[in-house]
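K.L.:
predicted model, plus sequence, below.
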Amino acid sequence: MGTARRLSVVFLTFGLTTALLSGSGQAEEKPTTWTTKATGSDGTTYTATNHLVSAARGPGREWLLAWAGPADRTKPDFLTVIDATAGSPNYGKVVNTVTMGPNLGGEPHHMQYVWHKGDRLFAGGILSDTTFVFDTKALPAVKLVGVNTAMDTPCGTLPDAYQVLRDGTAYGTFMGGPNVTGPCTYTNGEVREGNGAAGSPGEVVYFDKDGRTISEIPAAVAGGEDPAECGNVPAMTEASCANPHGISVREDRNIMVASDFVEARNFVTPEVELREDLARRTVRVWDITNRANPKLKSVSAVPDGPRLAQEKDPIFGESRVLMENALPYQRGHKGAFVSSMTGGAVFYTPDIAAAEPVWKEVLDDTTAYQTFAPDQTGGGDNSSWLAVSPDDRYLFHTVMGSSKPYGAPLDVTNGMLYVLDIRKLLASGNNPKCSIDTLDEAYRGGKESDCPSLVGTVPIRDTTDGGPHWGAMDNFEKGWDGRYRETKTVKRVATANYFLAGAFGGDGDHRVCMFGLGGKDGIALDRTFKDEVTRRPCVSFNRTSWPHGEAGDARPHGVLFVVSDGALR
């Protein structure tokens, strides 16, 4: 990578610039602005400009970061810093927007799932094929320290999710195929054929702490996979289902897991039929003993379920479109969870490191819908974010609700956030009995005693063509001394109502909401987390003005809880 890949960070103080903060368009204050820069290997100088308002001042606090893109793509993408300090007079207020340049329309997507003290922030632009790396030590101010461009990952496109390791390096899934159609050579010398950008096969990238590519890691099986199961458009000599989306890592077990989504370019193209063989149901596991050169251990498929027989299209069957996976944290727990987006189901395997992991369905989203919308089922419900709490007690899951072309009219569908108690399932060891085998179990939950139990469900009404897609767990608690510590007990989660604006919908109503765990309902909307303009619960990204000016409505995707470095033990 050499001299061309060195990153230089330059601090420039621009002084005060005018920004309009109120929905009415009246000027409230002039935020303090400054810019940090990083030069990528493509020769472009990328910028990140902070716009801090006066509410950002004061002692260290907890923040909710939201990675957002403007509805008007002539405006810059930006990282939003929201006061997430419970009880703060500014709770829910946007205190900083960090605008990115010079490129526009990058489609901000995901960051890492959980942030720990000392971590840098990895944030991807899925359409720009770019990963940005930020230093967050001085929150609510943010500094750009690195950029990884399409030139740095020639064997993969569509950067999706990230996992930061204890040493500051990170893995990222790239869902799409290579930049150029044809053979691509990975860092370890292996070669795979690809059908081009946003196609197949995807890969995993290993980054250093500044975002430089250490290695590109093949996700495709040498020799290919079953062409009847793994469709590719255009077809390849060696078929592949490798389109990794969600990623989980257990460093103590040297295990990395990725779940395959769809061949994205064709899945969202109206000219291509929504074929079942483009909708993946496979999970990939690597041995990461050698962090820079992981070895693919297994590729396993989740099974079809009892609801498939009543679905109007096989793409709504339980096994299809595996978006997310999640690993338990505790050493004695060896299993893994995975969820299906169009399938609307959650699956579990008791040992993800087995030579051939065996999956069983353990919950159908239909069961959660029965608590408030009995006419809805999991088929085509766009289930999304999935996370296990650090104490291995809960499994959190967001569901967007049906959107074009998946079924019910938007005015009668609902998204939701639900929580499962998974302790009995994890305690069952290598021989769990839970299995959703009948329609009755799909609607009422598994009959076996170790099946997950529903702790609570919150309907999230969004009559747009999107809904609650992504989420984050609050893994911090404030001590008696006013300082924060990491905790294994999760008491809050946040969600963002936006997926991806495109041919098949997924735009959402652009709200970021907070939910509290506990109480008679199990989990409930935090009504004190209010928009500073509307004064209604949830922070609306549909507004005229921001700290960086009159940029209009925005689309928040990834969200993450972070604490000011000086306030965190």
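P.N.:
Thanks, I have it.

K.L.:
show me the shaky parts of the protein.
P.N.:
Counting by pLDDT under 70, the chain contains low-confidence ranges at 1-28, 268-273, 403-412, 502-505.

K.L.:
repeat that with 50
P.N.:
Where the chain drops to pLDDT under 50, the residues are 1-27, 405.

K.L.:
let me see the contact set for the residue positioned nearest the centre of the chain.
P.N.:
Central residue of the chain (Cα atoms, centre = their mean): residue 110, 4.7 Å from the mean position. Taking Cβ atoms under 8 Å, 6 or more residues apart in numbering as the criterion, residue 110 is in contact with 67, 123-124, 160-162, 470, 557-558. For every residue, glycine as well, the C-beta is placed using N, CA and C.

K.L.:
nearest to residue 244 among these?
P.N.:
Ranked by distance to residue 244 (Cβ to Cβ), these are led by residue 160 at 7.4 Å.

K.L.:
quick check: that closest one touching residue 172?
P.N.:
Yes: under the criterion of Cβ atoms under 8 Å, residue 160 makes contact with residue 172 at 7.3 Å.

K.L.:
hey, what's in contact with both of the two?
P.N.:
Counting by Cβ under 8 Å, 6+ apart, the common neighbours of residue 160 and residue 172 are 124, 247.

K.L.:
between the two, which one's more packed in?
P.N.:
Set side by side, residue 160 and residue 172 show more neighbours around residue 172, with 27 against 24, by other Cβ atoms under 10 Å.

K.L.:
so what sits opposite the more buried one in the bridge?
P.N.:
According to DSSP bridges, the partner residues bridging residue 172 are residue 162, residue 205.

K.L.:
how far away is it from residue 77?
P.N.:
18 Å (Cβ to Cβ, to the nearest Å).

K.L.:
now do residue 234
P.N.:
To residue 77, residue 234 is 31 Å away according to Cβ to Cβ.

K.L.:
what's the answer for residue 315, then?
P.N.:
When distance is defined by Cβ to Cβ, residue 315 is 31 Å away from residue 77.

K.L.:
who has more neighbours out of the two?
P.N.:
With neighbours defined as other Cβ under 10 Å, residue 315 and residue 77 compare such that residue 77 has more, 26 against 21.

K.L.:
which residues sit in contact with that one?
P.N.:
By Cβ under 8 Å, 6+ apart, the neighbours of residue 77 are 68-70, 99-100, 104-108, 125.

K.L.:
what's the closest non-adjacent residue to residue 295?
P.N.:
Nearest residue to residue 295 in three dimensions, chain neighbours excluded: residue 287, at 4.7 Å (Cβ to Cβ, 6 or more residues apart in numbering).

K.L.:
beta-bridge partners for that neighbour, please?
P.N.:
residue 255, residue 295.

K.L.:
of the contacts of residue 110, closest to residue 445?
P.N.:
Comparing the contacts of residue 110 against residue 445 with Cβ to Cβ places residue 470 closest, at 25.5 Å.

K.L.:
surely that closest one touches residue 397?
P.N.:
No: applying Cβ under 8 Å as the test, residue 470 and residue 397 come out as separate, 11.6 Å apart.

K.L.:
hey, what's in contact with both of the two?
P.N.:
Contacts common to residue 470 and residue 397, judged by Cβ under 8 Å, 6+ apart, are 384-385.

K.L.:
before we move on, back to that, since we're on the residue nearest to residue 295, how many residues are nearby?
P.N.:
As a burial measure, the neighbour count of residue 287 was computed by other Cβ under 10 Å and equals 16.

K.L.:
before we move on, what about the one 5 residues further on?
P.N.:
Here the neighbour count serves as a burial measure; for residue 292 (other Cβ under 10 Å) it reads 13.

K.L.:
how about it: what's its closest non-neighbour residue?
P.N.:
residue 215 (4.7 Å).

K.L.:
quick one: contacts for the one you found?
P.N.:
With contacts defined as Cβ under 8 Å, 6+ apart, the neighbours of residue 215 are 186-188, 205-206, 292-293.

K.L.:
would TSV of the residues you listed with distance to residue 547 and secondary structure be doable?
P.N.:
What follows is these, written out as TSV (distance: Cβ to Cβ, whole Å; DSSP: H, G, I helix; E, B strand; the rest coil):
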residue	distance to residue 547	secondary structure
186	42	coil
187	41	coil
188	45	coil
205	32	strand
206	35	strand
292	40	coil
293	44	coil
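
K.L.:
of all the residues you listed, which comes closest to residue 461?
P.N.:
Taking Cβ to Cβ as the measure, residue 205 is the one of the contacts of residue 215 closest to residue 461, at 37.5 Å.

K.L.:
could you measure the closest one against residue 322, distance?
P.N.:
Residue 205 sits 20 Å away from residue 322 when distances are taken as Cβ to Cβ.

K.L.:
which of these two has more neighbours?
P.N.:
residue 322 (31 against 25).

K.L.:
quickly list what the closest residue to that one other than its chain neighbours is bridged to.
P.N.:
Closest residue in space to residue 322, ignoring its immediate chain neighbours: residue 259 at 4.1 Å, by Cβ to Cβ, 6+ apart. Beta bridges link residue 259 to residue 283 when assigned by DSSP bridges.

K.L.:
which parts of the stretch 101-250 of the chain are strands?
P.N.:
Taking DSSP state E, counting those that start in this stretch as the test, the strands found in the stretch 101-250 of the chain are 108-111, 121-125, 130-135, 143-148, 157-164, 170-176, 182-185, 191-194, 203-207, 213-218, 244-250.

K.L.:
so the closest residue to residue 377 other than its chain neighbours, which of the three states?
P.N.:
By the measure of Cβ to Cβ, 6+ apart, the closest residue to residue 377 outside its immediate chain neighbours is residue 366, 4.4 Å from it. Here residue 366 is recorded as helix under DSSP: H, G, I helix; E, B strand; the rest coil.

K.L.:
what is the end-to-end distance of stretch 244-255?
P.N.:
For stretch 244-255, the first-to-last residue distance is 15 Å (Cα to Cα, to the nearest Å).

K.L.:
neighbouring contacts of that stretch?
P.N.:
Contacting residues not belonging to stretch 244-255 are listed as 160-163, 165-166, 171-175, 202-204, 219, 256-261, 284-289, 322-327, 331, 334, 336, 338, 352-353, 386 [Cβ under 8 Å, 6+ apart].

K.L.:
what are the buried residues along that stretch?
P.N.:
Residues of stretch 244-255 classed as buried under the neighbour-count rule (16 or more other Cβ atoms under 10 Å) are 244-250, 255.

K.L.:
just put those in a markdown table and tack on distance to residue 308.
P.N.:
As requested, those are arranged in a markdown table below (distance: Cβ to Cβ, whole Å):
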| residue | distance to residue 308 |
| --- | --- |
| 244 | 24 |
| 245 | 22 |
| 246 | 22 |
| 247 | 27 |
| 248 | 26 |
| 249 | 32 |
| 250 | 31 |
| 255 | 30 |
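
K.L.:
need the max-distance pair from the residues you listed.
P.N.:
For those, with distances taken as Cβ to Cβ, the pair at the greatest spread is 245 and 250 (18.4 Å).

K.L.:
residue 239 contacts residue 233, doesn't it?
P.N.:
No: applying Cβ under 8 Å as the test, residue 239 and residue 233 come out as separate, 11.1 Å apart.

K.L.:
if anything else comes up later, I'll come back, but that's it for now.
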